[in-house]
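Chemist: take this sequence and fold it.
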Amino acid sequence: MMFRAVAATCLLLAAGHAIAAPEKPKPASALVITNAREVPATDVAIGANGRTVRVTKPLASQAKTTLKLPKMPGCVVAIAANFADQSSVQMDEFDVCKDRTIRFTD
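Modeler: Numbers count the residues shown, from 1 in each chain. So this is what the prediction gives:
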């Protein structure tokens with residue numbers, strides 16, 4: 001009888017560790033940005049928690065760069081890009097915990 005009580009207690013303790021809250025995903029510290037379009041990106045900006053970081057130079061066609069992100073508590077950023085052909089891209093909710101790369105395409 002004592003063995004059953006000890007075994008049940010061990011199982012409950014092990015189950016408690018297995019059911020523990022999942023670990024919070026860690027936001028990316030940098031994003032790889034690729035311009036797969038035929039025209040250069042003249043301005044690329046990433047915004048998170050009221051802070052904005054930008055690619056400092058135009059991003060040529062078929063080029064890529066790495067942009068360091070500010071420390072942030074969450075995973076969602078906004079992305080805006082303007083191109084030499086007067087087109088633009090805007091994404092209000094991009095999850096940097098799931099994807100650390102951005103690829104602009106035609």
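
Chemist: ok, and the closest non-adjacent residue to the residue nearest the centre of the chain?
Modeler: By CA atoms, centre = their mean, the chain has its centre lying nearest to Val96, at 0.6 Å. Using CB to CB, 6 or more residues apart in numbering and skipping residues adjacent in sequence, the residue nearest Val96 is Ala28, 4.2 Å away. The way it works is simple: take the backbone N, C-alpha and C, and place the C-beta from them, glycine included.

Chemist: and the one you found, how far from Gln86?
Modeler: 30 Å (CB to CB, to the nearest Å).

Chemist: could you check which of those two has the larger neighbour count?
Modeler: Ala28 (20 against 8; other CB atoms under 10 Å).

Chemist: quick one, helices of the chain?
Modeler: With helices called from DSSP state H, the chain shows them at 2-18.

Chemist: tell me where the protein has strands.
Modeler: In the chain, the strands defined using DSSP state E lie at 30-35, 41-48, 51-54, 63-68, 76-83, 88-95, 101-104.

Chemist: of these, which approaches Glu23 most closely?
Modeler: Glu23 lies closest, by CB to CB, to one member of these: strand 88-95, at 16.1 Å.

Chemist: what strands line up against that closest one, and which way round?
Modeler: Its sheet considered, strand 88-95 pairs with strand 76-83 (antiparallel) by DSSP bridges.

Chemist: what comes into contact with stretch 36-47?
Modeler: If you take CB atoms under 8 Å, 6 or more residues apart in numbering as the criterion, stretch 36-47 is touched by 31, 33, 35, 52-55, 58-62, 67, 69, 77-85, 87, 103-106.

Chemist: try stretch 50-69
Modeler: If you take CB under 8 Å, 6+ apart as the criterion, stretch 50-69 is touched by 27-46, 48, 70, 72, 77, 84, 96.
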